[in-house]
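# Fold the following for me, if possible:
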Amino acid sequence: MATMRMTTAGCALAAMLSLPASAAAPWRDALEWRHSSAAVRADAQGHTLRIIAEDGATREIAIRPQPLATATASPLFDGLFALAQQEMVEDRVTEIRDGAFDHGRPLPCDCYQTGAKWPYVWTRDLSYAADLALARLDPDRTRRSLRFKLSGARAGGAPDASYVAQDTGSGGSWPVSTDRVVWFLGARHLLDDRAFADEVWRALRDTLAQDRAYAFDARIGLYRGETSFLDWREQTYPDWTANDVVFIAESFALSTNVLHYEALRLAARMAAERGDTAAEAYRAQADALARSIDHGFWNGKRGMYMSYIGSAEHPVPFEAYDLLGISLAALSGAVPDARARASLAHYPATEAGSPVIWPQRAGTPIYHNRAIWPFVSAYALRAARKLQDPERIAHEMRSLIRGAALAGSNMENYEFLTEAVHVDDGPRSGPVVNSPRQLWSVAGYLDMVLQGVFGLQDDGAIAPALPTTLAPMLFGDRDTIELHLPAQRIVLRRPRTLSGNLLVAGRRQRDGDATVIDLVAKTVPSAPLRTRAPQFAPSAPPALVAERGENGWTLRVPGANTLYVDGTARAAAIRDAPASLPLRATAQCVSATATDAQGIESLHSPTVCVGDRASVDGAWPRRWTPARGGRYRATLRYENAHGPINTGVTAAVKRLSLQCGDAAPQILPVTLPHSVGEQSSTAVVFDVDAGAPCVATLLDGFNMSDLRHFARYTGGAGGADGPLNDARIGALEIVPIQSEPVQSESAP
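Below is the predicted model of the structure:
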């Protein structure tokens with residue numbers, strides 16, 4: 001596809017244009033889009049896809065006949081369904097490789113690779129692909145692929161435990177990134193195999209227990225860690241996290257918490273099936289987590305669930321939203337349908353599709369930023385089907401069809417306005433990485449056909465929810481369209497009149513191997529797509545400068561509009577005058593944001609906490625006696641130079657034991673991610689009586705290098721040379737805090 005050039009200003013202007021009337025035009029043999037075209041011809045050998053790019057370059061792709069087939073009025077639709085199956089076959093491999101494992105040598109694996117440019121098995125990509133389609137279409141190979149991501153501990157760990165591997169990632173992986181529980185989203189479809197079900201149950205118990213111990217914050221009721229899939233921090237998190245990921249390790253992400261909710265629900269079900277008394281505890285944890293998700297991430301001002309919020313000490317809202325998190329929340333049932341429906345309706349769309357984040361980052365290259373990802377579009381389509389939103393259903397289907405047709409493959413991603421595989425925009429060009437036949441994109445396309453059009457559910461039920469605007473493309477002059485499966489056919493018969501906006505199942509009957517469903521047109525409430533939303537957020541203010549005076553703290557915040565104190569916004573504007581904080585016995589955490597003329601709020605400046613703190617140094621164990629009783633927060637000054645800030649498996653994970661007076665020891669997890677120089681660790685919170693001497697001891701924890709899975713890792717420390725869970729540790733810093741964290745909703 002030809003490279004395109006578009007400036008940031010041009011992007012903003014184009015993104016605010018309404019969808020043209022031609023967006024609803026039927027695509028049968030061909031489609032045209034921004035001076036490019038794609039056409040499909042059917043013949044005895046299968047289909048041929050012919051693509052003409054805007055520069056006139058032409059190519060043809062042969063699509064062989066496949067085990068599954070559709071029979072519609074659109075050779076384009078039928079051919080692209082065959083193409084997705086063909087690419088699924090091409091992603092089946094007998095060996096995998098990655099430069100960071102086994103020195104790049106091939107590793108035997110009768111499994112699925114992630115894509116043409118990603119010839120390895122990655123936990124999140126595989127799991128989402130399994131959930132979307134692979135578990136249904138190729139259960140045996142999908143099980144083998146999922147098994148590859150299970151691991152026991154190496155020597156010195158828990159030898160009888162089984163865990164899901166969190167892949168290499170931000171700050172040295174888990175527990176900075178904590179979305180490995182997505183594995184269970186895919187595995188839940190494959191429990192008909194008893195041996196595999198037993199493996200899933202064991203890994204589910206052990207992984208959930210470990211995440212509960214190291215990543216769950218009981219004060220907020222949420223799991224800490226990075227957003228699922230959006231794991232390139234400069235794309236979606238504040239710029240200052242480029243060299244300091246502790247904020248990410250302490251923050252809370254919508255998608256990651258929804259995945260934990262799904263895992264807890266699965267655990268409750270599997271425990272009940274086994275007569276395990278833990279079923280009720282898992283059910284209670286899931287219910288409590290659902291309440292915390294709804295309470296913590298809902299932004300009433302926007303009518304959407306936020307992508308992530310700040311730490312327990314400073315749980316500020318962030319003007320950041322992501323389509324995957326919203327879609328997963330809607331599908332899970334963790335949030336009320338009314339709020340899920342509002343979130344999807346308010347989430348912006350462009351003519352090309354639905355970007356994976358909003359608002360965009362004007363100075364950031366295209367990847368997650370300014371991009372459409374087909375697998376996320378597939379989840380948005382699923383959510384729109386559940387919520388019966390025909391406008392969004394049709395929009396996501398067109399985006400998936402157009403992207404695959406014009407690229408000639410189910411690509412990793414596309415630019416969000418042009419749906420091009422690359423846009424030339426100087427240093428912001430991209431997508432900076434874009435793989436053909438990306439596994440979760442392939443699975444997303446297959447799911448769009450199987451479930452999105454024909455309504456085929458996981459349990460075998462058939463529940464179509466097809467927008468009437470797509471009927472001209474799919475039915476044309478035909479009375480029926482068909483899906484041919486190995487053991488059955490699904491036949492959808494159109495109604496005589498298309499008087500509503502959604503086609504759903506009416507009368508159904510059996511005709512030999514076919515299930516014939518008469519579609520019924522109905523009208524459901526459907527909000528128009530939000531295509532005129534401003535796309536870009538303003539830049540975040542720089543770090544606050546805090547100066548202590550006799551009566552309080554003076555805060556200087558250049559370019560900021562709003563000051564947040566302990567998680568709550570102050571109403572007064574602070575752009576033209578310093579803000580002040582009174583002196584008090586407990587610490588106060590502050591950050592600031594800027595708001596542009598369109599009412600879009602920036603991401604936050606770095607959090608600054610002010611207050612009197614004790615610094616305890618020396619050999620371990622260390623001793624400290626508080627002058628006053630109450631609640632305290634402790635962090636460690638440290639340096640972890642065992643890997644780059646963006647990858648690895650050696651985030652140091654420790655347990656800080658505090659024995660204060662005669663009270664029972666308080667043993668709390670602390671994470672020390674890869675760092676650039678010395679910085680502060682994640683925080684722990686403990687209670688102590690006035691004058692009670694405390695003895696602090698540092699105990700070992702667990703990190704991903706402790707898994708046998710990473711014995712083959714050669715891209716950094718903690719792999720082939722053995723586990724590594726260490727950092728250079730300096731002072732233990734302790735500061736008094738308020739007894740309870742702020743837990744109010746982010747906006748009225």
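# next one: stretch 358-371 to chain centre, how far?
In terms of Cα atoms, centre = their mean, to the nearest Å, the centre of stretch 358-371 is found 15 Å from the chain centre.
# And for stretch 555-573?
Distance, centroid of stretch 555-573 to centroid of chain: 29 Å (Cα atoms, centre = their mean).
# Only the buried residues of it, if you could.
By 16 or more other Cβ atoms under 10 Å, the buried positions in stretch 555-573 come out as L555, V557, G559, A560, N561, T562, L563, Y564, V565, D566, G567, A569. (Glycine included, C-beta is placed from N, CA and C.)
# domain parsing for this structure?
545-610, 614-737 (automatic domain parsing).
# from those, which stretch is densest packed?
domain 614-737 (a mean of 19; mean count of other Cβ atoms under 10 Å).
# gap between the two ends of it?
Distance between the two ends of domain 614-737: 13 Å, counting by Cα to Cα, to the nearest Å.
# of all the domains of the chain, which lies closest to A272?
A272 sits nearest to domain 614-737 of all the domains of the chain, at 28.5 Å, using Cβ to Cβ.
# Where does pLDDT dip in this structure?
Residue ranges of the chain with pLDDT under 70: 1-25, 156-158, 571-576, 740-748.
# switch to 90 and redo it
Residues of the chain meeting the criterion pLDDT under 90: 1-26, 155-160, 487, 526-527, 550-551, 556-561, 570-580, 738-748.
# mind giving me JSON lines with the buried residues of stretch 555-573 and columns for secondary structure and distance to R637?
JSON lines is the format used below for these (DSSP: H, G, I helix; E, B strand; the rest coil; distance: Cβ to Cβ, whole Å):
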{"residue": "L555", "secondary structure": "strand", "distance to R637": "23"}
{"residue": "V557", "secondary structure": "coil", "distance to R637": "26"}
{"residue": "G559", "secondary structure": "coil", "distance to R637": "30"}
{"residue": "A560", "secondary structure": "coil", "distance to R637": "28"}
{"residue": "N561", "secondary structure": "coil", "distance to R637": "33"}
{"residue": "T562", "secondary structure": "strand", "distance to R637": "30"}
{"residue": "L563", "secondary structure": "strand", "distance to R637": "27"}
{"residue": "Y564", "secondary structure": "strand", "distance to R637": "25"}
{"residue": "V565", "secondary structure": "strand", "distance to R637": "25"}
{"residue": "D566", "secondary structure": "coil", "distance to R637": "23"}
{"residue": "G567", "secondary structure": "coil", "distance to R637": "24"}
{"residue": "A569", "secondary structure": "strand", "distance to R637": "30"}
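# Tell me the one of these nearest M704?
G567 (30.6 Å).
# That closest one and R622: what is the separation?
Distance, G567 to R622, by Cβ to Cβ, to the nearest Å: 30 Å.
# So for A320, which of the domains of the chain sits nearest?
domain 545-610 (6.6 Å).
# and that closest one, how far apart are its ends?
End-to-end distance for domain 545-610, by Cα to Cα: 11 Å.
# Likewise for stretch 358-374?
Start and end residues of stretch 358-374 are separated by 16 Å (Cα to Cα).
# what comes up buried for it?
Neighbour-count burial for stretch 358-374 [16+ other Cβ under 10 Å]: 358-362, 364-374.
# same deal with stretch 336-353?
By neighbour count on 16+ other Cβ under 10 Å, the buried set for stretch 336-353 is 339-353.
# end to end, how far does it reach?
Distance across stretch 336-353, first residue to last, is 25 Å (Cα to Cα).
# Could you give the separation of that stretch from the chain centroid?
Between the centre of stretch 336-353 and the centre of its host chain there is 16 Å, according to Cα atoms, centre = their mean.
# Likewise for stretch 364-377?
Using Cα atoms, centre = their mean, the offset of stretch 364-377 from its chain centre is 12 Å.
# same question, stretch 392-399
For stretch 392-399 - counting by Cα atoms, centre = their mean - the centre lies 20 Å from the chain centre.
# Only C-alpha atoms, please: export it in PDB.
Output in PDB follows, covering the C-alpha atoms of stretch 392-399 (Å, rounded to 0.1, in the frame of the first residue of the first chain):
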ATOM      1  CA  ARG A 392     -21.200   0.600  16.100                       C
ATOM      2  CA  ILE A 393     -21.700  -3.000  14.900                       C
ATOM      3  CA  ALA A 394     -21.800  -1.800  11.300                       C
ATOM      4  CA  HIS A 395     -18.900   0.600  11.800                       C
ATOM      5  CA  GLU A 396     -16.500  -2.000  13.200                       C
ATOM      6  CA  MET A 397     -17.500  -4.600  10.500                       C
ATOM      7  CA  ARG A 398     -16.700  -2.100   7.700                       C
ATOM      8  CA  SER A 399     -13.400  -1.200   9.300                       C
END
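# Cheers, nothing more for now.
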